[in-house]
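*Asks:* I would like the atomic coordinates for the input below:
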Amino acid sequence: MERNNDIGMLDLMARPAFCAAQGCVTRVNAQAAAFGIETGTTVADLLETGEEEYAAFTGGCLYLTLSVGGQEFGASVNRVEDTDVFCLEQTEDNRELQAMALAARELRTPLDTIMLTAQRLFPVAGLQDDPDTRQQVAQLNRGLYQILRIIGNMSDAGRGACSLSRMETVDIPNLLAEIFAKASALLEHTEVKLCYQGYPQSVPGLADRDKLERAVLNMVSNAVKFSRPGDTIRAALTRRGNKLYLTMENSGDGIPAGIRGDVFTRYQRQCSIEDPRFGIGLGLVLIRAAAAAHGGTVLMNGDHKSGTKITMSLAIRQGDSRVRSNALRIDYAGERDYSLIELSESLPLSLYEKDF
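*Replies:* As a prediction, the model looks like this:
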């Protein structure tokens with residue numbers, strides 16, 4: 001949403017939506033009113049996560065969590081002049097993600113068969129000292145990793161919609177430093193550099209290792225895809241009060257004006273001819289799900305000329321380590337390196353010349 005007359009379209013939105021100014025709800029559409037949101041309500045009373053982030057919000061697209069009528073809703077916030085427009089997720093959104101997860105489950109069986117067959121062929125191909133054969137093996141291997149990434153994203157986006165999480169007490173800055181160290185080492189084989197400035201002190205807190213790793217690697221992957229050769233992606237972890245803030249910034253192609261308002265729900269768009277770097281739009285679903293599971297938010301801003309900056313906040317929470325779901329842990333990577341999978345669209349063929 002870029003123009004003030006877009007606010008006048010509020011009643012035409014299929015999603016529950018409302019406007020707020022100076023911290024109070026000023027207008028609601030019929031769908032939002034059906035959930036009990038009323039004009040005059042204080043936004044702070046609706047926030048489940050993101051009180052500090054919303055208070056500091058000056059622009060871009062912010063994803064946070066609301067509590068409405070005893071239910072939690074993910075919501076994106078866009079500022080139009082001096083008014084904030086909140087668009088809530090609906091039950092149908094989660095159903096769409098869960099349908100993707102079901103489709104991914106059906107695709108896993110034939111993919112596993114293909115990958116097993118490929119594993120058996122790699123040693124045979126390795127006996128042939130032929131550059132063309134090595135290149136073909138690398139193309140096959142990387143292609144399979146890319147398919148595995150897509151299927152993994154479809155599966156985890158559906159599980160993220162159900163808020164499944166496995167929490168344990170970890171040193172969060174140390175965990176993030178390990179993830180960035182692996183990603184930085186792999187990107188040394190590309191024309192894009194990743195510089196990470198970690199937080200210098202230990203911060204123990206509850207975290208889901210898998211969710212955080214997937215989220216961070218998707219942030220890196222997106223930044224690489226929209227960077228130019230020779231660019232540097234800069235990431236940093238800071239702390240303010242009881243929150244950690246992971247910021248990642250690139251100077252490449254930014255967010256086109258036409259999609260800023262729905263950047264967190266790109267998977268719902270109609271099929272069209274557009275920049276293939278956008279993929280199917282599930283990376284940001286995983287990022288926003290990880291942030292919500294850790295009591296945080298995601299802020300994305302930037303324009304088409306100055307690059308993109310994304311900030312994920314994480315609440316520092318203490319408590320007993322425990323599985324917050326009855327679901328068994330599923331390793332979509334099959335014990336393969338997450339980094340090689342999540343960055344497979346950006347890494348050179350030479351890193352895939354053998355099976356891992």
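*Asks:* going by C-alpha atoms from here, please, whenever you check contacts or count neighbours.
*Replies:* Will do.
*Asks:* residue 122 sits in which helix or strand?
*Replies:* Residue 122 belongs to helix 91-126 when elements are defined using DSSP states H and E.
*Asks:* just residue 147 next, same as before
*Replies:* Under the criterion DSSP H and E, the helix or strand holding residue 147 is helix 131-161.
*Asks:* the closest residue to residue 229 other than its chain neighbours: what's it in contact with?
*Replies:* Leaving aside its sequence neighbours, residue 229 sits nearest to residue 191 (Cα to Cα, 6 or more residues apart in numbering; 5.0 Å). For residue 191, the contacting residues are 229-231, by Cα atoms under 8 Å, 6 or more residues apart in numbering.
*Asks:* hang on, residue 39 in a strand?
*Replies:* No - using DSSP: H, G, I helix; E, B strand; the rest coil, the secondary structure at residue 39 is coil, not a strand.
*Asks:* please report how far it lies from residue 22.
*Replies:* The spacing between residue 39 and residue 22, counted by Cα to Cα, to the nearest Å, is 13 Å.
*Asks:* with neighbour numbers in mind, choose between the two.
*Replies:* Neighbour tally, residue 39 and residue 22, criterion other Cα atoms under 10 Å: the higher count belongs to residue 39, 15 against 12.
*Asks:* did I read that right, the residue nearest to residue 229 in a strand?
*Replies:* No - secondary structure assignment places residue 191 outside any strand; it is coil (three-state DSSP).
*Asks:* how close does it get to residue 288?
*Replies:* Residue 191 sits 28 Å away from residue 288 when distances are taken as Cα to Cα.
*Asks:* try residue 44
*Replies:* Using Cα to Cα, which is the criterion applied here, residue 44 is 20 Å from residue 288.
*Asks:* again with residue 42
*Replies:* Separation of residue 42 from residue 288 (Cα to Cα) stands at 24 Å.
*Asks:* more neighbours, the two?
*Replies:* When residue 42 and residue 288 are compared for neighbours, residue 288 comes out ahead with 26 against 16, by other Cα under 10 Å.
*Asks:* please, which helix or strand holds the more buried one?
*Replies:* Take DSSP H and E as the rule and residue 288 turns out to sit in helix 283-293.
*Asks:* just checking, next helix/strand downstream of that helix?
*Replies:* Proceeding N to C from helix 283-293, the next assigned helix or strand is strand 298-303, under DSSP H and E.
*Asks:* and the contacts of the helix or strand just after that next one?
*Replies:* Under the assignment DSSP H and E, the closest C-terminal helix or strand after strand 298-303 is strand 307-315. Contacts of strand 307-315 with the rest of the structure, by Cα under 8 Å, 6+ apart, involve 219, 223, 242-255, 287, 291, 294-302.
*Asks:* run through the bridge partners of residue 24.
*Replies:* According to DSSP bridges, the residues that bridge with residue 24 are residue 21, residue 42.
*Asks:* nearest residue to residue 319 other than its sequence neighbours?
*Replies:* In space, and not counting its chain neighbours, residue 319 is closest to residue 206: 6.9 Å by Cα to Cα, 6+ apart.
*Asks:* the one you found sits in which helix or strand?
*Replies:* Assigned by DSSP H and E, residue 206 falls in strand 204-207.
*Asks:* between the next helix-or-strand element following that strand and strand 307-315, how many degrees?
*Replies:* Heading C-terminal from strand 204-207, the first helix or strand you meet, by DSSP H and E, is helix 209-225. In this structure, helix 209-225 runs at an angle of 170 degrees to strand 307-315, with axes from the mean of the first three to the mean of the last three Cα atoms, to 10 degrees as the basis.
*Asks:* what packs against helix 209-225?
*Replies:* helix 172-187, strand 243-250, helix 283-293, helix 338-342 (3 or more Cα pairs under 8 Å, 6 or more residues apart in numbering; DSSP states H and E).
*Asks:* now for the longest one, which elements pack on it?
*Replies:* Packing contacts for helix 172-187, counted by 3+ Cα pairs under 8 Å, 6+ apart, involve strand 193-197, strand 204-207, helix 209-225.
*Asks:* any chance of the helices and strands packed on helix 209-225 in a markdown table, with mean pLDDT too?
*Replies:* Formatted as a markdown table, those follow (pLDDT from 0 to 100):
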| stretch | mean pLDDT |
| --- | --- |
| helix 172-187 | 96 |
| strand 243-250 | 96 |
| helix 283-293 | 89 |
| helix 338-342 | 89 |
